[in-house]
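# from the sequence below, what's the structure:
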Amino acid sequence: MCAFDCIYCQLGKTNVFTNERRVFVPVTKIIEELDLLPPVQIDYITFSGMGEPTLAENLGQMIKAIKKIRNEKIAVLTNSSLLNENGENVEVSAKGLLARVLQHEIDHLKGKLIIDYMKFLEKIEFKVKKRRGSYANL
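Numbers count the residues shown, from 1 in each chain. Have a look, this model is predicted:
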């Protein structure tokens, strides 16, 4: 599920187009799955969804619940399609830097983000470029 059908998406062709946010997986199910993990050391717990993870209405709740029981960093792989006109995440309520939502480079040779190709979103483009220097601290 996604609002786009990007040819570079690791999940393949988008079968369900939507920008409607809803609960896809309850928070309790995520915690149950984490409890099944063997005792191995991992660096990150990554949200990628079956498309765009920020479509999950309860993404912030999932991140908060995980941070209560786990110490790993949280990563959210997103195409940033649910950003508002100021470049802020829409309704992702993980306050206090519980998670940082980053956008993956789609053109590795040129170091370009999808947002670099969206000229009509100049405010967002400026905000993303301004923050690039801070990614080293992740």
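
# ok, what's across the strand from residue 73?
residue 44 (DSSP bridges).

# that one and residue 43 touch, don't they?
Yes. Distance between residue 73 and residue 43: 6.8 Å, which falls inside the contact criterion (Cβ atoms under 8 Å). Backbone N, C-alpha and C define where each C-beta goes, glycine included.

# these two: who's more crowded?
Per other Cβ atoms under 10 Å, whichever of residue 73 and residue 43 has more neighbours is residue 73, with 15 against 8.

# pLDDT value on the more buried one, please?
The model reports residue 73 with a pLDDT of 88.

# mind listing what the closest residue to residue 55 other than its chain neighbours touches?
Distances taken as Cβ to Cβ, 6 or more residues apart in numbering place residue 21 nearest to residue 55, at 5.4 Å, with adjacent residues excluded. Taking Cβ atoms under 8 Å, 6 or more residues apart in numbering as the criterion, residue 21 is in contact with 54-57, 82, 91.

# weed out the non-buried ones from the residues you listed.
Neighbour counting with 16 or more other Cβ atoms under 10 Å marks 54-56, 82 as buried within the contacts of residue 21.

# helices along the protein, start to end?
Taking DSSP state H as the criterion, the chain carries its helices at 27-35, 59-69, 122-131.

# quick one: contacts of the first one?
Outside of helix 27-35, the residues within contact range by Cβ under 8 Å, 6+ apart are 45, 58, 61-62, 65-66, 69-70.

# pLDDT score for the residue nearest to residue 55?
At residue 21, the predicted lDDT confidence score is 83.

# can you pull out the low-pLDDT segments for this structure?
Per-residue confidence of the chain (counting by pLDDT under 70) places the weak regions at 81, 83-138.

# recalculate using a threshold of 80.
1-11, 17-19, 49-50, 78-138 (pLDDT under 80).

# quote the end-to-end distance of stretch 32-51.
Start and end residues of stretch 32-51 are separated by 22 Å (Cα to Cα, to the nearest Å).

# and that stretch, which residues are buried?
45, 47, 49, 51.
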